[in-house]
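Q: structure for the following, please:
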Amino acid sequence: MTDAEAVLDEAGLKNAKVREYVTYWAELTGAARVEVVTAADDARLIKEALEAGELQPAGEGLYYSRSYHKDTARSEERTIVATSKAEDRGVYNNWRSASEMTPMLKERMRGASAGKTMYVVPYLMAPPGSPLEEYAVGVELTDHRPVVLHMIRMARVGIEHVENLADPNHFVRAVQVTGDLENLGQGTDNDQRYFVTVADERTILHFGSSYGGNALLGKIAHGLRQAAYDGWASGKFLAEQFMLIGITDKETGRKFHICGGFPSASGKTNLAMMLAPDALGDRYHVSFFGDDIAWLWVDPADGRLYGMNPEFGVFGVAKDTNESTNPTGLRSVGPGTGAIFTNVAYNEVTHEVWWEGKTKTPPADVTGWRDWRGRLISERTGDEVDEPWSHPNSRFTTTLANVPNVAEDFEDPRGVPIDAIIFGGRTSDREPLVRAITDLAEGVYDGLTLGAEATFAAEGVDGQLRYDPMSMRPFMSYSEGEYAAHWLRIVGAATDQPIFAHVNWFQKDPGDGHFLWPGYRDNLRPLLWLLQLRAGEVTGRQTPVGILPTEEELMLEGCEVDPADLATLLDLDVPRWREEMGFREDHLKQFDGLPEEIWEAHRRVAAALDEA
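A: Next up, the predicted model:
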């Protein structure tokens, strides 16, 4: 094995605690070589990955990668939060004892990187100088070069981030060992994979994957699970799976910021990258801050809730990204951006990429096209002909700076003041277009009961939502009762409170199934109403579940929506909501120690519905 100490000396990495960590894991995993990486190494690593066949060229300054066919998505059933305290156990965090999990992971990782290079990736999950910078520093060790290339796009990578620590020991230790992917028993009773965040030790140990959230440890494991635990343990901040956008009124010069949580397939990325509709574009500009993670805290100087996106890039779902749904997303992966596409279809002759929804139909000439598994489309037979070309979880990775409407101040270490917190799930009924909530406890209660529609085939419960509290169900790192209390404390400390709201772009006509609301760029309209409500410029209509806009209050010029559909979107199905309250109560009863304020909010809403 290469002398790790000599490599660290040559790289100029002096932090004694980081050096101790690197040499320990290099020895345990049996890595043949150690290499310290900074963002300046990107071009060289790209060249090496192309030569090794780990990447393929996908156009000017664009690259394509294909993961192992059983390693294509986050594996929630193998993802665990471990601590030394059993009281950290929650309904959703898959808690296990650290004393059990740490030795198990070390044994799996022992010698598993033999013959490989261990890449040392020091990173920062915040703009330098952020008030939360001390919680944002980490060092990922990985034995997979494409993981390094993704991390360079998703985080700020450089040794300066670990050399300037006030406490040299205060960094997240993140270890990703790929393992023998073809022999790990994925999805069987003998599954060897484990993805563990040892939260109270600020250590992340992931074994058995080189893909996405299982391998880019700065993103979800640190940016959400570990940061959520740190925010609660310190009492200083929230770390949420939230999008974050800015809205500028060019007529008045006023700027607003909205963050919010959306369960999977509920339109979060498209909303985050939204442009103003043509009819409103002369007056309003929408700025992109982030589509996946927001850290929130109160600045005592002005009493406002602030937020930032800790990430440096976007790890976006490719499927259905096109000129209509997400033009900014498409441009963020254009020529020269350095973007990496994963598990889309790839043409080995022309170096083009394609995914379902990029165009209405696949390319007519299938010459050279291979699907996400690497199989030639031209050789498909029988039922294979109709199979997707790309994986449903195919991705693109690009830096924030490549997003055309990225906010000018996305790197501002002070963050931005939050005017509104929104939640939105995919529901075909019961949820109106937008309903505003001005009470803190009722806003947190609404987030805890956020859900998306379950189908009978998928879930076995027709018409019942699959609840996803704050859209954090897969990322919880401590108990839900404490989580709710922490939300009340953090946001409650703001003297200038944000307004809460629930939005829904997915109501359908029960007859022919068409969507009632046009969605996409028109989604700006209910958000503008929400900001006007907070400013006292409109009053809306009070209902048992919040304030709904009147038709006259919405800016509808240029919006193609049927008047009957709009009436439904701005109304409330009270009987359906009464049924929903029973489901909500059963959901909340799972959580031990839920604050009484949340139960009081539930009872207030239920009583108001009974009286309606």
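Q: how about the closest residue to Arg145 other than its chain neighbours, secondary structure?
A: Closest residue in space to Arg145, ignoring its immediate chain neighbours: Ala49 at 5.4 Å, by Cβ to Cβ, 6 or more residues apart in numbering. Glycine gets a C-beta too; all of them are placed from N, C-alpha and C. Under the three-state scheme (DSSP: H, G, I helix; E, B strand; the rest coil), the conformation of Ala49 reads as helix.
Q: next: Glu482.
A: Classified using three-state DSSP, Glu482 is helix.
Q: and the residue nearest to Arg145, what pLDDT?
A: Turning to Ala49, the model gives it a pLDDT of 98.
Q: then Gln464?
A: So Gln464 comes in at 79 (pLDDT).
Q: what of the one 10 residues further on?
A: In the predicted model, Pro474 carries a pLDDT score of 94.
Q: distance check, the residue nearest to Arg145 against Tyr68.
A: 16 Å (Cβ to Cβ, to the nearest Å).
Q: out of these two, which sits in the busier spot?
A: Ala49 (19 against 15; other Cβ atoms under 10 Å).
Q: the more buried one against Leu149, yeah?
A: Yes: contact criterion Cβ atoms under 8 Å: Ala49 and Leu149 qualify, at 6.4 Å.
Q: so what's in contact with these two at the same time?
A: 55, 63 (Cβ atoms under 8 Å, 6 or more residues apart in numbering).
Q: ok, for Lys116, nearest residue in space, not its chain neighbours?
A: Asp143 is the one closest to Lys116 (Cβ to Cβ, 6+ apart), at 4.3 Å.
Q: does that neighbour touch Arg33 like I think?
A: No: counting by Cβ under 8 Å, Asp143 does not reach Arg33; the two are 9.9 Å apart.
Q: tell me which of these two has more neighbours.
A: A count of neighbours by other Cβ under 10 Å puts Asp143 above the other of Asp143 and Arg33, at 26 against 16.
Q: which phi and psi does that one have?
A: phi -110, psi 20 (degrees, to the nearest 10).
Q: quick one: Val366 and Ala345, what's the gap?
A: Distance from Val366 to Ala345, by Cβ to Cβ: 10 Å.
Q: what about Val137, distance to Val162?
A: Val137 is 6 Å from Val162, by Cβ to Cβ.
Q: ditto for Gly30
A: 24 Å.
Q: neighbour count for these two, which is higher?
A: Ranked by neighbour count (other Cβ under 10 Å), Gly30 and Val162 place Val162 first, with 24 against 17.
Q: so who does the more buried one touch?
A: 13, 15, 18, 122, 137, 139, 168, 171.
Q: so which residues of the stretch 201-350 of the chain form strands?
A: 203-207, 238-240, 242-249, 255-261, 284-290, 294-299, 304-308, 313-317, 340-342, 345-347 (DSSP state E, counting those that start in this stretch).
Q: nearest to Asp371 among the ones you listed would be which one?
A: Asp371 sits nearest to strand 345-347 of all the strands of the stretch 201-350 of the chain, at 5.5 Å, using Cβ to Cβ.
Q: helix or strand right after that closest one?
A: Under the assignment DSSP states H and E, the closest C-terminal helix or strand after strand 345-347 is strand 353-354.
Q: how many neighbours does Asn164 have?
A: 13.
Q: distance of Met151 from Val538?
A: Taken as Cβ to Cβ, the span from Met151 to Val538 is 45 Å.
Q: just the pLDDT for Glu76.
A: The model's pLDDT for Glu76 equals 88.
Q: residues touching it, list them.
A: 94, 474.
Q: who's in contact with Trp25?
A: When contacts are taken as Cβ under 8 Å, 6+ apart, Trp25 is in contact with 109, 118, 141, 175.
Q: got the residues you listed as CSV, with pLDDT and distance to Gln464 columns?
A: As requested, the contacts of Trp25 are exported to CSV (pLDDT from 0 to 100; distance: Cβ to Cβ, whole Å):
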residue, pLDDT, distance to Gln464
Met109, 98, 41
Met118, 98, 47
Leu141, 98, 43
Val175, 98, 39
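Q: between those, which is closest to Arg74?
A: For the contacts of Trp25, the nearest to Arg74 is Val175 (17.6 Å; Cβ to Cβ).
Q: what's the spacing between the closest one and Tyr284?
A: 45 Å.
Q: do Glu182 as well
A: 52 Å.
Q: pLDDT value on the residue nearest to Lys116, please?
A: 98.
Q: and it, what does it touch?
A: 29, 31, 112-113, 116-119, 176-178.
Q: ok so, going back, okay, Val175 and Tyr284: which has more neighbours?
A: Legend: neighbour count by other Cβ under 10 Å for Val175 and Tyr284, higher for Val175 (26 against 20).
Q: so that one sits against Val147, correct?
A: No: under the criterion of Cβ under 8 Å, Val175 makes no contact with Val147, lying 11.7 Å away.
Q: shared neighbours of those two, anything?
A: Joint contacts of Val175 and Val147 (Cβ under 8 Å, 6+ apart) are Glu140.
Q: let me see the backbone angles for Glu100.
A: phi -90, psi -50.
Q: out of everything not next to it in sequence, what's closest to it?
A: Closest residue to Glu100 apart from its sequence neighbours, by Cβ to Cβ, 6+ apart: Ala82 at 7.5 Å.
Q: contacts only, for the one you found.
A: Here Ala82 is in contact with 95-98, 100-102, 196-199 (criterion: Cβ under 8 Å, 6+ apart).
Q: what's the answer for Arg193, then?
A: Counted by Cβ under 8 Å, 6+ apart, Arg193 has contacts 75, 78, 179, 184, 186, 207-209, 214.
Q: so how far is Tyr68 from it?
A: For Arg193 relative to Tyr68 (Cβ to Cβ), the value is 12 Å.
Q: now Val198: how far from Ala174?
A: From Val198 to Ala174 the distance is 11 Å (Cβ to Cβ).
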